[in-house]
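*Asks:* this one's sequence-less:
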């Protein structure tokens, strides 16, 4: 990967590769999950320290067969007779739950070794699935060890297998490393299963890309696009109008109601909810937020951990930061930043303003260039603005400060104390003109 970050911690669709695999594994409700790790051990374990995982160190790395062998050797509890083991890979992030359930049921119902195989146009680099004349699987041969005849086979082994745990434990204990890579291949358990008269059966993934692995940044980018197209397709079939399914990124989960429209270049991170009739303009970034029905998020706006009410007008170029809650019909205009604030119904901040740690009432008008001075260098303070207040352009509201309902703050005011309701408050030096003043000129 040409990266200091271990491969399984590389990010795809807002989650690490291993994170995707673990999430899928957990959805199967297994008795336990073991993760075999080696390279980047500390970083890998640190990212998943809250997970209920049995960590198994493989040092030195000696192949996939040895990895599974280490799981059995380091397992604290004895194997039960009806236990089934599923083997997944930390760099195969998009394997789907339904595919794995089918593989598990196939293995468990027949006490068989079940392989996930796939027929591909270009099998280069993959182990070939060799079948007997009866069409039964009799071997899996790695690409580097395959004969010319075997290299012509297009059915490949994805590496994902499921087998009775006791059988698998015995097989991996019997593996040898007599091959070109001097590694213990997990695929060699096929030969051992055949010798033990255990059926070797196969299933295939429904989606052609779900069993694809990642070995470099190019493959990671390609797989990311496959997943994004798949996710966009699901939304389109649900009725979401997406301007271009190749120019949308969903790095988490996006939940939508009917008549939602999403323009090009938008990014959705974490858990995002878009209400009925929401329109998201081009190149917006929305993270962990709820957008109320019929709201219009205009171009280049950033919304992070906010709850926006119905019929809001946001942007363009607006930044709505964590802790922001807006009521209905609020306008947050271009180059306006809102943070940790409540904005009441029909209030407006249309141009070039910063509203932080504030509680703004209904029908408040906040002019261009208004700043809530909420930080004194050590602590944050709150600004409270009553219903119907008018805040003139280029005013500074030095918190903590309260502005009464219906108050008017004249343009250019620096407010350091309470502004009474229904009164005009201003702080300006007297205007004067100097008749004899001359503009400086350049010296020769």
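*Replies:* Arrived safely, thanks for sending. Bear in mind that the values here come from a model prediction, so they are computed numbers and not experimental data.
*Asks:* Now for residue 99, how many residues are close by?
*Replies:* 20 (other CB atoms under 10 Å). Where C-beta positions appear, they are placed from N, C-alpha and C, glycine not excepted.
*Asks:* Which residue, neighbours along the chain excluded, lies closest to it?
*Replies:* residue 205 (4.7 Å; CB to CB, 6 or more residues apart in numbering).
*Asks:* quick one, what contacts that neighbour?
*Replies:* Residues in contact with residue 205, defined by CB atoms under 8 Å, 6 or more residues apart in numbering, are 95-96, 99, 116, 118, 158, 211.
*Asks:* Show me which of those residues is closest to residue 169.
*Replies:* Nearest to residue 169 among these is residue 116, at 20.3 Å by CB to CB.
*Asks:* Am I right that the closest one is in contact with residue 203?
*Replies:* Yes: the criterion here is CB atoms under 8 Å, and residue 116 meets it with residue 203 at 5.9 Å.
*Asks:* list the residues that contact both of the two?
*Replies:* Listed as contacting both residue 116 and residue 203 by CB under 8 Å, 6+ apart are 99, 103.
*Asks:* quick one: which of these two has more around it?
*Replies:* More crowded of residue 116 and residue 203, by other CB under 10 Å: residue 116, with 27 against 21.
*Asks:* can you give me phi and psi for the more buried one?
*Replies:* Per-residue torsions, residue 116: phi -90, psi 110 (degrees, to the nearest 10).
*Asks:* now it, nearest residue through space, not along the chain?
*Replies:* residue 160 (4.1 Å).
*Asks:* now for the longest helix along the chain, which elements pack on it?
*Replies:* Using DSSP state H to define each element, the chain has its longest helix at helix 217-238. Counting contacts by 3 or more CB pairs under 8 Å, 6 or more residues apart in numbering; DSSP states H and E, helix 217-238 is packed against strand 11-12, strand 241-242, strand 248-256.
*Asks:* Tell me which of these lies nearest to residue 292.
*Replies:* It is, among the helices and strands packed on helix 217-238 and with distance given as CB to CB, strand 248-256, at 12.9 Å.
*Asks:* so how far is the first residue of stretch 334-354 from its last?
*Replies:* With CA to CA, to the nearest Å as the measure, stretch 334-354 spans 11 Å from end to end.
*Asks:* Over to stretch 128-147?
*Replies:* Note: stretch 128-147 ends 10 Å apart using CA to CA.
*Asks:* buried set for it?
*Replies:* 128-131, 137-142, 146 (16 or more other CB atoms under 10 Å).
*Asks:* what separates that stretch from the chain centre, distance-wise?
*Replies:* 38 Å (CA atoms, centre = their mean, to the nearest Å).
*Asks:* What lies in contact with that stretch?
*Replies:* 115, 117, 123-127, 150-151, 153, 155-157, 179-181, 185, 187-188, 190-191, 194, 199-202.
*Asks:* And the buried ones among those, selectable in ChimeraX?
*Replies:* Those of the contacts of stretch 128-147 that count as buried under 16+ other CB under 10 Å are selected in ChimeraX with:
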select :115,117,123,126,127,150,153,155,156,157,185,187,188,190,191,194,200,201,202
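*Asks:* Narrow the contacts of stretch 128-147 to those in helices?
*Replies:* Judged by DSSP H, helices contain the following of those: 150-151, 190-191, 194.
*Asks:* Please identify which of the residues you listed is nearest to residue 254.
*Replies:* residue 190 (41.2 Å).
*Asks:* mind checking how far the closest one is from residue 211?
*Replies:* 17 Å (CB to CB, to the nearest Å).
*Asks:* which residues of the stretch 151-300 of the chain score low on pLDDT?
*Replies:* The stretch 151-300 of the chain contains no residues with pLDDT under 70.
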